[in-house]
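A.B. asks: need coordinates for the below:
(2 chains)
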Amino acid sequence: MTLLEVRNLEVTYPGGVAAVRGVDLSLTAGQKVGVAGESGSGKSTLALALLRLLPPGTRVSGEILLNGEDVLTMRWGRVRAVRWAGASIVFQGAMHSLNPVHRIGDQIAEPVLLHQGATAAQARRRAGELLEQAGLPAARASAYPHELSGGQRQRVMIAMALACDPQLIIADEPTTALDVMIQAQILGLIQGLVTDQDVGLIMISHDLAVLADSCDRLVIMYAGRVIEEGPAQQVYENALHPYGQALSASFPHIGDPASRFAPRGLAGDPPDPSALPSGCAFHPRCAEALEGCATEDQFLREAGRGRRAACVHVPVGVVGVAARDSSVPEQAADVTELAVGTGPAVEVAQSAGPGGSSGPGGRDEQGRPGGSAGPVERVGSARHAGPTDPARSAGPTGPAEATGPAEPAERATPAGPAEPAERATPAGPAEPAEPAGRATPAGPAGPAGPAGPVEGMTTGRAAGRAEGSDSGTAAARAESPGHPGTGHPSPSPGPGPGPGPENTPDPAAPPHDTRSPS
Amino acid sequence: MTTPTAPLLSAQGLHVAFPGRRGGAPARAVDGVDLDIRPGEVVALVGESGCGKTTLARSLLGLVPPTGGRVTFDGKPLQYSSRALKAYRRRVQLVLQDPSGSLNPRHTVYDAVAEGLRIHGGVSDEQAVVARALSRAGLRPPERFFLRYPHELSGGQRQRVVIAGALVLEPELLVADEPVASLDASVRGEILALLLRLRTELGLAALVVTHDLGLAWNIADRVAVMYLGRIVETGDAERVLTAPQHPYTQALLSVLPEAPGDPVVLSGEPPDPSRIPSGCRFRVRCQILASGEAERAGVAHRCRTEDLEVLGGGGEAQVACHWARVPDPAV
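C.D. replies: Residues are numbered from 1 along each chain as shown, chains lettered A, B, ... in the order given. Predicted coordinates for the structure are as follows:
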């Protein structure tokens, strides 16, 4: 069951700073989702928005469904009830979140008293239990925060978050400023609690390595948007977005000669949320930016089983767009994923065909048939081993996906039949698919399309309308798809069809253009 | 990096103790440390908070007078008169963790970088020197930054300003206390790369104090692992980080997210430095002793009763552990 569903969340601070610009997120009970990003990426704002903790005057739009109930439209009384009992937050910097003049036991007991109508004695007992759960002796309840070490204080914060048996815990940088050993202790504690009590966990951190290690899914934010998401280990080890790649490369692997005496980072500074760059917000720091990136905004697109990324180099998940059109969104999602294997083939095919006409050009000499192939190849090169090149995709991501169990979660439904199909696709036509695709558009697309979706896709441009909610980002932007023409100059590699719908920034997705209002 | 050059900075039997509160036992923050840093060498000093690594760094800089042992720089013992310290700090500079806290918000970048020059005087072309330091620190073109204030800069740029301020006097050694802990991961690599480049270009030696073992792997020639006031393991970074001998180093490495095998999560926190356990100082948290491994190797008794000697400060691999020293331990 979906515990938390965030749809198209946008947060604009009173000064006009758009800190969160259209984020979708969903979480089931017992699932752990990590949100990574650097300072200013909007990850803490996201956490605060989930419980309506933002300062007055902040504009928040979208939907935050906690157990199906929209937090943003709740009455205040209900919001107060939901805080603590429905969802609670472990804030960063336990040093500053505890009241220095109250004993920790009293601080933990406070929500119990207020929310559960307990008597003072019950609350005290409960505080003791919670402390023990968090790995501190109950006797420490009479201590003041200054008497505790940083790790102990963080344990108190966790005990407090658990006070009213919430279904969702949001941990904002729970281990920042702690030593590795204490960090390991705290992470172990959080993991254990999540498993035992079947709560959902959203863990926010700048430390991708920690998140990859302790979460099921990973979401990477940049400049207020999700730019990549997927199964945690996959995203960490094989990021598709150049930012995701740079971020994971900046965590050294001890023992890996490649990082010895070679610290890696990302040139440039994080963008100023009040003055975001045009087009793809990452383009000024991106080593692989194309000309069009400065003008074309990029949105999330399907990029493999359960994975999405927002980069021009990631083949557009046309299939997804089409699929979403079909009635059942969930299935659609799955279908999308299936299609991925074939994705490249399809996409290439399209580019060859309509590519010219729809003038995805913009970027280079796209117009020419030859040209269209060019970019595609480039996409296929090196980076996106995964989706772009089916053959190779079999390598790194491939197997994991195929075997699926890696990340069962949501994708359960059609998994059954789906799987074989998927496996078949890359396996069979894989090799030929790609080259073939380039040559004969229709050819591979047909067979490749593991079923309907592809068709849908081809027609896909009509697809749009995407209110397809849910992960709709990709979909949503698809809106204007209609005309290949609109497909403006998409830089897209995702030449053909994809770009058309997908990239139409202004007209297509007005709501997402929020950064302009400032 | 085992060239037998004379150390640039050297600590011998260094002790720093802070008086106990209300007549309590003194806190032995640094409890006997030998450490050499040779010219052009990058040494990482790693350990948990409270292990004394920052105190050690401060005493190497002459900011905290040692209660025992001595510091020598370039072969001469460090003098603690104001004049001698001033001269010393021309050659050894400090970079602190939080660039926002170490820059005066009301000074421009130019003033912040030029401050050292003005204190030490004797520079005719201040502007050119400042510009050179800024561009060495990666702020180019330097003129563009002269009149900026710290709040106009990003975290990474601020840290570069701090580093430029340290470089402006052309020191021979940089002591950096958690130089990247407050920076974003993506910016971190850039700052570390800068430190490495300075070493290559200027032959700058560095002592980097950190709790981040990945950082040590990234930039250090040599690693010294500190626990409760003493260095418990030291040696080449490759060796210490890939084949750790001391149980403490092993535990620290095992809890890193990427580490293979089961994490060894030590319980509790380092003991109070005013009550350092008898015997091996790590014994109360030692997983080897707790699992009976030490017993099997026949050293458990020594672990409980016999303190280990201070490790030498040189480059050779050493470990202060009875168990690790048992030849071919029965593991």
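A.B. asks: taking chain B, what residue is nearest to chain A?
C.D. replies: Proximity to chain A, evaluated over chain B using Cβ to the nearest Cβ, is greatest for B:G189 at 2.4 Å. C-betas here are computed from N, CA, C, even on glycine.
A.B. asks: spatially, which residue comes closest to that residue, not counting chain neighbours?
C.D. replies: When the adjacent residues along the chain are set aside, B:G189 lies closest to A:G265, with 2.4 Å between them (Cβ to Cβ, 6 or more residues apart in numbering or on different chains).
A.B. asks: what segments of the stretch 201-331 of chain B are helices?
C.D. replies: B:213-219, B:237-242, B:247-254, B:287-290, B:293-296, B:300-305, B:322-325 (DSSP state H, counting those that start in this stretch).
A.B. asks: which other helices and strands contact the second one?
C.D. replies: Counting by 3 or more Cβ pairs under 8 Å, 6 or more residues apart in numbering or on different chains; DSSP states H and E, the packing neighbours recorded for helix B:237-242 are helix B:213-219, strand B:222-227.
A.B. asks: which stretch among those approaches B:S81 most closely?
C.D. replies: Among those, strand B:222-227 comes nearest to B:S81, with 29.0 Å by Cβ to Cβ.
A.B. asks: contacts only, for the residue nearest to B:P150 when sequence neighbours are not counted.
C.D. replies: Counting by Cβ to Cβ, 6+ apart, the nearest residue to B:P150 once its immediate chain neighbours are dropped is B:L103, at 4.3 Å. Listed by Cβ atoms under 8 Å, 6 or more residues apart in numbering or on different chains, the contact partners of B:L103 are B:112, B:150, B:158, B:161-162.
A.B. asks: and the stretch 51-200 of chain B, which residues reach chain A?
C.D. replies: B:154-157, B:184-193, B:196 (Cβ under 8 Å from any Cβ of the partner chain).
A.B. asks: next, the residue in chain A that chain B sits nearest to: secondary structure please.
C.D. replies: Chain A approaches chain B most closely through A:G265 (2.4 Å), counting by Cβ to the nearest Cβ. In the three-state summary, A:G265 is assigned as coil, counting by DSSP: H, G, I helix; E, B strand; the rest coil.
A.B. asks: next one: the one 5 residues further on
C.D. replies: The three-state assignment at A:P270 reads coil, by three-state DSSP.
A.B. asks: ok, the one 10 residues further on next?
C.D. replies: Three-state secondary structure (criterion: three-state DSSP) places A:C280 in coil.
A.B. asks: now do the strands in the chain.
C.D. replies: The chain I'm using is chain A. A:2-12, A:18-28, A:32-36, A:59-66, A:69-70, A:87-90, A:168-172, A:200-205, A:217-222, A:225-231, A:301-302, A:308-309 (DSSP state E).
A.B. asks: was after chain B, sorry
C.D. replies: Taking DSSP E to define them, one finds strands in chain B at B:9-18, B:27-37, B:42-46, B:68-73, B:76-77, B:92-95, B:173-177, B:205-210, B:222-227, B:230-236, B:318-319.
A.B. asks: compute the inter-axis angle for the second one and strand B:42-46.
C.D. replies: Relative orientation of strand B:27-37 with respect to strand B:42-46: 160 degrees, computed using axes from the mean of the first three to the mean of the last three Cα atoms, to 10 degrees.
A.B. asks: what's the answer for the first one, then?
C.D. replies: Note on geometry: by the same axes, to 10 degrees, strand B:9-18 and strand B:42-46 are set 20 degrees apart in direction.
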